[in-house]
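Peer 1: Fold the following and give me the result.
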Amino acid sequence: VQLNFLRTIANVPSCVAGTTLRVEFSQCSLEARAWLQALSLKLRILMKDDSTDGLLQHLNQDNFSSSWDNLLDNRLNRLGFSLSSSQNLSLGKISKAIKTKTYELDFNSTLSRARRVCSPIALGIPPPQVLPSYFFSLLSMNQSHVFTLARMNAFPSVELEGRFQKIPYSDRLCKCNSGEVETLAHIILFCNKWMTLREKWIFPLLIKENLPC
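Peer 2: From the prediction side, this is the model:
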């Protein structure tokens, strides 16, 4: 459900992996959210700020071993926490620390699986720390769609098509008869077929950033 929603918003083809979309839109996985909910519930049961009637003081007196409790305890240990070491912390502080660590581990795990052809990482673009600004600044749906495809390295090109059809790289030539491989950079910056559109849309951006046209 989460990935279908992100894919619908981004309007990108299936070659863009779900992990790439989660990194691009700074979204943690549903698994991480589920762990946070479960750990939060366990902590709320065991710890109550400014109260002596929490269950934490009775935990060591309970000999019952629950597989679910063991699973949550193992998860806490993996995050670098334990109930015994957390007794001196408030519920708010321990919850915030667990949330931060969970998001950090989930992001690193997602990022390691997002290094595919159709991703900004393949173009050397570092992952955003917050929701990308272009998601709000490009008001035109067509502009937003084209920009997103380009950023995801999923813009239709002979170079990309040839990669999935296993066409030799040297044979992925542009139809402009320049003898150049039709890459994303060639389409945006050099191809004669798109000179008029380039002068209208690309050159103003290059000039604004003091880049050569």
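Peer 1: all contacts plus neighbour counts: C-alpha atoms, from now on.
Peer 2: Fine.
Peer 1: And the longest helix along the chain, what's buried?
Peer 2: In the chain, taking DSSP state H as the definition, the longest helix is helix 91-112. Using 16 or more other C-alpha atoms under 10 Å as the test for burial, helix 91-112 gives 91, 94-95, 98-99, 101-103, 106-107, 110-111.
Peer 1: Kindly report the same for stretch 187-206.
Peer 2: The neighbour-count check on stretch 187-206 (16+ other C-alpha under 10 Å) flags 187-188, 190-191, 195, 198, 203 as buried.
Peer 1: okay, now Glu180: neighbour count?
Peer 2: A count of nearby residues for Glu180, using other C-alpha atoms under 10 Å, gives 16.
Peer 1: Excluding sequence neighbours, find me the nearest residue to it.
Peer 2: Leaving aside its chain neighbours, Glu180 sits nearest to Leu173 (5.5 Å; criterion: C-alpha to C-alpha, 6 or more residues apart in numbering).
Peer 1: and the longest helix of the chain, what does it pack onto?
Peer 2: Applying 3 or more C-alpha pairs under 8 Å, 6 or more residues apart in numbering; DSSP states H and E, we find helix 91-112 packed against helix 18-24, helix 30-46.
Peer 1: Could you export the last one as CSV, CA atoms only?
Peer 2: It stands for helix 30-46. Below are the C-alpha coordinates for helix 30-46, written out as CSV (Å, rounded to 0.1, in the frame of the first residue of the first chain):
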residue,chain,number,x,y,z
LEU,A,30,6.0,-0.1,7.3
GLU,A,31,8.1,-2.7,9.2
ALA,A,32,9.9,0.0,11.1
ARG,A,33,6.6,1.8,11.9
ALA,A,34,5.2,-1.5,13.2
TRP,A,35,8.2,-2.1,15.5
LEU,A,36,7.9,1.5,16.9
GLN,A,37,4.3,0.9,17.7
ALA,A,38,5.0,-2.4,19.4
LEU,A,39,7.9,-1.0,21.4
SER,A,40,6.0,2.1,22.3
LEU,A,41,3.2,0.0,23.7
LYS,A,42,5.6,-2.2,25.7
LEU,A,43,7.3,0.9,27.2
ARG,A,44,4.0,2.5,28.1
ILE,A,45,3.0,-0.6,30.0
LEU,A,46,6.3,-1.0,31.8
